[in-house]
Every structure is written in structure tokens, then in C-alpha cells.
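> Would you be able to build a 3D model of this:
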Amino acid sequence: MHQRRALGLFSGGLDSILAAKVMQNQGIEVLAINFTSPFFGCSPTLDGEPVAARYAARYDIPFRSIPLGEEFLEMLRHPRHGYGSALNPCIDCKTFMLRCARELMAEYQADFVFTGEVVGQRPMSQRLDTLNLINRECGLGGLLLRPLSAKYLKTTIPEAEGWVKREQLPAIRGRGRKDQMRLAAELGVDEYPQPGGGCLLAEESYMPKVKDLLDHLCQPQVRDFTLLRTGRHFRLSDACKLVVGRDGADNEYILASIGPGETTLRWAEGGGPLVLLVGEPDQAAIQLAGRILLRYTKAPKGEPGRLSVQKDGRRSELTVVNDLQEPELDSLRIV
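Okay, here's the model as predicted:
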């Protein structure tokens with residue numbers, strides 16, 4: 001019998017590491033697939049390497065990182081099963097990724113797909129009924145295996161065909177981590193990330209920025225969502241918003257993110273943040289952007305300040321008064 005191959009959804013967290021190692025220990029050739037988006041899969045370790053890539057390498061798990069594109073963003077706008085406590089469409093998101101994995105099976109000559117999901121661990125996407133729902137809607141049917149909780153789920157094709165020995169699989173369920181930690185010790189998994197949500201869409205502090213974007217752009221692009229992780233954001237009008245860099249790293253990121261026709265401003269008389277106008281600013285919005293910019297510089301209060309304005313490689317100057325008061329600034333802030 002030839003060696004079976006499986007694609008595993010791999011975040012780099014403990015559960016996904018354990019699922020991959022359990023499969024490898026049963027003789028399955030594993031390829032870990034790490035789907036990334038502006039909201040997850042992008043977090044680096046202290047040395048700058050993505051979390052998933054680091055832990056895959058540490059535990060000898062073959063690895064591919066695959067970005068999700070415009071179809072994923074469309075799903076985010078209209079999730080069939082709604083959002084969680086924030087703007088997290090967890091059920092639709094997991095279904096979407098499993099459909100993507102199904103489409104990759106032929107390319108990677110995989111026999112089945114597995115995940116590190118645990119029955120009852122997450123309140124929205126890992127209830128027993130929800131896991132069964134995702135299984136029905138992702139199109140994998142009996143070719144989707146959740147090895148950590150397999151004994152609490154229906155027997156899958158890999159188990160029925162003897163590719164995977166069901167009796168040797170763990171029986172883990174619930175929100176605790178003691179069983180996972182015990183299994184990690186048995187498998188020699190001695191280093192792994194601390195538990196966490198891992199997805200910005202589940203963070204309530206991030207939700208206003210995403211909602212503002214969805215409310216004002218009919219077809220937001222990946223860049224628009226990626227930019228949400230940078231700087232302070234202000235809504236100047238229905239057609240325009242402002243992003244203000246917090247530090248040098250933000251300024252560099254904003255500079256690299258400028259799109260065609262977009263306007264940037266800097267204080268011409270000293271250091272300070274770079275600001276980016278996203279959308280279609282009129283002259284009033286540009287003036288307001290200048291006042292916000294000066295609020296974050298050392299420009300004298302109540303005095304005129306000169307700004308350097310750049311658009312499509314053309315530079316000009318603008319003079320505005322540094323007179324913006326905190327209540328007005330707060331009224332514009334996207335929080």
C-alpha cells in the first residue's frame with residue numbers, strides 16, 4: 001500500500017502541531033497549509049519569522065503558506081452564518097478554508113484533509129453541531145478528519161479504509177488544555193505558542209475599523225484591510241479617511257502602501273508622522289487632514305504650519321493653523 005498524504009490546516013498553535021504530529025506518527029505524509037489574510041496568519045515571532053513557519057520547521061512538518069484573496073473578503077462582507085461577538089465570521093471562515101484545501105488536494109496529490117479542531121473548544125466554530133455543519137458545507141464529506149477529537153465524531157473515510165488507525169487517535173474535547181499538554185509531552189512537542197484568539201476580527205478593539213471600511217467601500221481590497229493594522233485612523237467624510245503614522249515603522253509601512261492617486265502629508269518644518277488620505281478627499285478634507293497632522297507634531301499651538309503635500313510624485317505646500325482641539329479630534333477618530 002502506498003503512503004497516504006494529507007493536507008493539514010496549520011496555524012502554528014498547539015492543536016495544529018499536535019494534529020500534524022499524530023498524523024505523521026501514523027505514517028501519513030503531511031503537508032501543513034497555512035492560510036493567511038490581513039487578519040490572521042501574519043503574526044511574527046520575536047525573530048521576525050511567521051509563527052506557523054517557525055513551528056512547522058521546528059517539528060519537521062512540511063509547510064506551505066497560501067494567502068487568501070478577494071473571494072475571502074467577499075465572504076467577510078456577507079457571511080452566511082453571521083458573525084461572532086465581534087466581526088468574526090468563524091463558521092464561514094473555516095468552511096472557506098476547507099473548500100480551498102479541497103481544491104488543493106489534486107495539486108498536492110492528497111488523499112484527505114485534517115485540522116486541529118477540538119470538539120467544544122471554541123463557542124462558535126467548534127461546537128459539535130457546528131463541526132458537523134462545516135463538514136457538510138465544505139464539500140470534503142468523509143475526507144475531513146479531526147484527529148484530536150475523532151472519537152467523538154463520525155468515522156471518516158481515512159479511518160474506515162485503514163489509512164488512519166482510529167483506535168490510536170486521541171480523545172480530546174472541551175476548553176481545557178491539560179490533555180493537549182499531556183499529548184505534547186508524549187510526542188516531544190516541548191515548545192509552542194501560548195493560547196490566543198489569533199484573529200484580529202475577533203478583537204472588539206479592531207471591530208470599528210473593519211466596520212468603517214465595510215460601510216464606506218463597496219469593494220475593499222486586501223491592501224485596505226492590511227492598512228488597518230497600522231497607525232491611527234480618522235473618518236473625514238463618507239469619501240475619505242486619514243491614516244496617521246504612530247512611529248517610524250508606521251511611516252515606512254504607510255509609504256510602501258500608497259496607492260495611485262492617493263495623497264500624503266508631512267510637516268515641512270520638522271519631524272513627525274506621515275499621513276495618508278485614502279479615498280477621494282476634497283479641499284476641505286485635505287485642510288482637516290493637515291490640522292490633524294499638526295496635532296501630532298511639535299508645531300506651535302495656534303500658529304500656522306507648513307505642510308508638504310505629495311500626490312503621484314508631484315509636491316506642493318499647504319499652510320494650516322495648528323488649532324485642532326481634542327473634542328473635535330475624538331469625534332473624527334475611528335474607535
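
> Low-confidence bits of this structure, can you list those?
Across the chain, the ranges flagged by pLDDT under 70 are 1, 43-48, 196-197.

> Show me which positions of the longest helix along it end up buried.
If you go by DSSP state H, the chain has its longest helix at helix 90-104. By neighbour count on 16 or more other CB atoms under 10 Å, the buried set for helix 90-104 is 90-98, 100-102, 104. The way it works is simple: take the backbone N, C-alpha and C, and place the C-beta from them, glycine included.

> Can you show me the strands along the stretch 201-335 of the chain?
Listed in chain order, the strands of the stretch 201-335 of the chain (DSSP state E, counting those that start in this stretch) span 232-237, 240-244, 263-267, 275-279, 304-311, 314-321.

> Repeat that for the stretch 1-150 of the chain.
5-9, 29-36, 63-67, 112-114, 144-145.

> Same list, those strands, but as a markdown table with distance to residue 195 and mean neighbour count please.
Shown next, in a markdown table, are these (distance: least, CB to CB, whole Å; neighbours: other CB atoms under 10 Å):
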| stretch | distance to residue 195 | mean neighbour count |
| --- | --- | --- |
| strand 5-9 | 17 | 25 |
| strand 29-36 | 18 | 21 |
| strand 63-67 | 21 | 16 |
| strand 112-114 | 20 | 26 |
| strand 144-145 | 23 | 26 |
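
> Turn these into TSV, including distance to residue 205.
Putting the strands of the stretch 1-150 of the chain into TSV (distance: least, CB to CB, whole Å) gives the following:
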stretch	distance to residue 205
strand 5-9	26
strand 29-36	21
strand 63-67	24
strand 112-114	33
strand 144-145	33
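
> out of the ones you listed, nearest to residue 312?
strand 63-67 (27.6 Å; CB to CB).

> So what touches that closest one?
10, 31-37, 41, 50, 52-53, 56-57, 100, 104, 222 (CB atoms under 8 Å, 6 or more residues apart in numbering).

> Parallel or antiparallel, list what pairs with it.
The strands beside strand 63-67 in its sheet (DSSP bridges) come out as strand 29-36 (parallel).

> roughly how far out does the partner strand sit from the chain middle?
Distance, stretch centre to chain centre, for strand 29-36: 16 Å (CA atoms, centre = their mean, to the nearest Å).

> Alpha carbons of that strand, as CSV, please.
Output in CSV follows, covering the C-alpha atoms of strand 29-36 (Å, rounded to 0.1, in the frame of the first residue of the first chain):
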residue,chain,number,x,y,z
GLU,A,29,2.8,12.1,4.7
VAL,A,30,1.7,15.5,5.9
LEU,A,31,1.8,18.9,4.2
ALA,A,32,0.8,21.8,6.5
ILE,A,33,-1.2,24.5,4.8
ASN,A,34,-1.1,27.9,6.5
PHE,A,35,-3.8,30.2,5.0
THR,A,36,-3.1,33.9,5.7
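
> report the angle between the axes of that strand and helix 90-104?
130 degrees (axes from the mean of the first three to the mean of the last three CA atoms, to 10 degrees).

> Which residues outside strand 29-36 are in contact with it?
The contact list for strand 29-36 (CB under 8 Å, 6+ apart) reads 3-12, 16, 20, 23-24, 41-42, 50, 52-53, 56, 61-68, 97, 100-101, 104, 108, 110.

> And residue 222, how far from residue 96?
If you measure residue 222 against residue 96 using CB to CB, to the nearest Å, the figure is 15 Å.

> my guess is residue 26 contacts residue 170, does it?
No. With contact defined as CB atoms under 8 Å, residue 26 does not reach residue 170; the gap is 11.7 Å.

> who are the neighbours in contact with residue 73?
By CB under 8 Å, 6+ apart, the contact list for residue 73 reads 220-222, 225.

> repeat that with 10 Å
Contact analysis of residue 73 by CB atoms under 10 Å, 6 or more residues apart in numbering lists 37-38, 214, 219-222, 224-225.

> if we can go back for a sec, among the strands of the stretch 201-335 of the chain, which comes closest to residue 179?
Nearest to residue 179, of all the strands of the stretch 201-335 of the chain, is strand 232-237, at 41.7 Å by CB to CB.

> Identify each buried residue in the closest one, please.
Under 16+ other CB under 10 Å, the buried positions of strand 232-237 are 232-236.

> Please produce CSV containing those, extended by distance to residue 77.
Shown next, in CSV, are the buried residues of strand 232-237 (distance: CB to CB, whole Å):
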residue, distance to residue 77
232, 25
233, 19
234, 23
235, 19
236, 23
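
> Let me see the domain layout of this protein.
Segmentation of the chain into domains, based on automatic domain parsing, reads 5-187, 230-332.

> so of those, which one's packed in deepest?
Neighbour counts (mean count of other CB atoms under 10 Å) averaged over each of these peak at domain 5-187, with a mean of 18.

> so where do the helices sit in this protein?
With helices called from DSSP H, the chain shows them at 14-25, 51-58, 70-77, 90-104, 128-137, 157-160, 178-187, 207-216, 222-226, 248-257, 283-295, 326-332.

> Of all the ones you listed, which one is nearest residue 268?
Nearest of the helices of the chain (CB to CB): helix 283-295, 10.6 Å.

> Could you list every helix and strand in contact with the closest one?
strand 232-237, strand 240-244, strand 263-267, strand 275-279, strand 304-311, strand 314-321, helix 326-332 (3 or more CB pairs under 10 Å, 6 or more residues apart in numbering; DSSP states H and E).
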